[in-house]
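Undergrad: Below is the structure, and that's it, no one-letter string:
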Ligand SMILES: Nc1nc2c(c(=O)[nH]1)N[C@H]1C(S)=C(S)[C@@H](COP(=O)(O)O)O[C@H]1N2
Ligand SMILES: [Mo]
């Protein structure tokens, strides 16, 4: 292994990969060598490339389009802390299809978003396949400032643009036996090989799930934009879920399918590590992750993570008044 000196703005390996520790690096290196690309493996493992990608080379929001004047929902016009700078949020991401560290924004540009379709099927009266124009026409877009909390204890505040999931529920009309919803992210092993994530060894595609009641909650949101612009690919273009009272992994990106089901669906993280990533996954300062405390969180900031603002974690990420009734 090479020895390297960490630059001040980098984040230690331990800080950034708690969700990724299960991915077996040794096996990964072997699989790369098997593919005849062993020579480039070192630059793909993340150790070396992380710094390069977070450095100020290139614009991580290039290619996004302004959404113009979007009405801001007055109920979600501010929170108890300042908005995370756009550039920082766009350079610090989890999107494991494209790699196992936070610096995947460049790799994620390979996501093909043309002619996007979202299929809604299963136990609904009106199954539909929406393209982006259909979504725009049917569901008026609004802006909401939400707290966001990753299970890894980093957090941010961002202005999403999109529409409440409830509007889609009303459009497709779930049948009475529909109890759960599964959301599926885009996946094509040719486009998103993910360094080290041998396609067969992980439960791709990325899926997440909610109960119907959770999906109908005021807060549950489909985001098609962020910071007044269309979503950059690394944030889950062109449409992703946002469920701000739950840990970030519940918010599947780049959604292609929504299915209404009778039984609770298996989901990506819950299948991989059921004792660490539960299906419900509500933000809770009093329920530690088996490997770290959830009592505090660090707001994404400039520089190294140890210099970031630390705040106490809020029950349901501060959204108790909206969601506590779901869990009583
Ligand atoms: N398809 C897909 N969706 C995903 C993920 C992922 O790896 N793949 N990561 C999740 C996790 S762990 C987090 S914290 C958020 C991060 O969202 P952001 O990068 O836009 O901040 O996306 C979630 N949605
Ligand atoms: Mo996360």
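TA: Okay, I see it. Everything numeric in this text was worked out from a predicted model, so none of it was measured. Numbering: from 1, shown residues only. Ligands and ions are numbered 1, 2, ... in the order given.
Undergrad: Could you use CA atoms for every contact and neighbour count after this?
TA: Noted.
Undergrad: Flag every residue of this protein that's near ligand 1.
TA: Applying C-alpha under 6 Å from any ligand atom, we find that the chain lies next to ligand 1 at 93-97, 150, 185, 206, 235, 248-249, 251-253.
Undergrad: and ligand 2, which of the residues you listed reach it?
TA: Filtering the residues of the chain next to ligand 1 for proximity to ligand 2 by C-alpha under 5 Å from the ion leaves 150, 248-249.
Undergrad: which residue sits closest to residue 289, ignoring its sequence neighbours?
TA: Excluding the flanking residues, the one nearest residue 289 by C-alpha to C-alpha, 6 or more residues apart in numbering is residue 276, at 6.4 Å.
Undergrad: Touching, the one you found and residue 292? I think so.
TA: No. Residue 276 lies out of contact with residue 292 (C-alpha atoms under 8 Å); the separation is 10.6 Å.
Undergrad: re the thing from before, before we move on, what SS does the residue nearest to residue 289 have?
TA: coil (DSSP: H, G, I helix; E, B strand; the rest coil).
Undergrad: Report the residue spans of the chain with pLDDT below the cut-off.
TA: Within the chain, the ranges that satisfy pLDDT under 70 run 1-18, 20-56, 194-200.
Undergrad: those helices in it, which residues are they?
TA: Using DSSP state H, the helices of the chain run over 13-16, 25-34, 41-44, 49-54, 86-89, 132-138, 165-172, 212-216, 268-272, 320-323.
Undergrad: Give me the buried positions along stretch 61-78.
TA: Buried residues in stretch 61-78, defined by neighbour count with 16 or more other C-alpha atoms under 10 Å: 61, 64, 70, 72, 78.
Undergrad: got it, and stretch 220-227?
TA: By neighbour count on 16+ other C-alpha under 10 Å, the buried set for stretch 220-227 is 220-227.
Undergrad: could I get those as CSV with distance to ligand 2?
TA: Below are the buried residues of stretch 220-227 laid out as CSV (distance: C-alpha to the ion, whole Å):
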residue, distance to ligand 2
220, 17
221, 17
222, 17
223, 17
224, 19
225, 19
226, 18
227, 20
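Undergrad: Looking at these, which are in strands?
TA: Members of those lying in strands (criterion: DSSP state E): 221-226.
Undergrad: Relative to ligand 1, which of the residues you listed is nearest.
TA: The nearest member of these to ligand 1, counting by C-alpha to the nearest ligand atom, is residue 226 at 9.3 Å.
Undergrad: what are the bridge partners for that closest one, then?
TA: Residue 226 forms beta bridges with residue 160, residue 229, as assigned by DSSP bridges.
Undergrad: Distance of it relative to residue 144?
TA: 9 Å (C-alpha to C-alpha, to the nearest Å).
Undergrad: Many thanks, have a good one.
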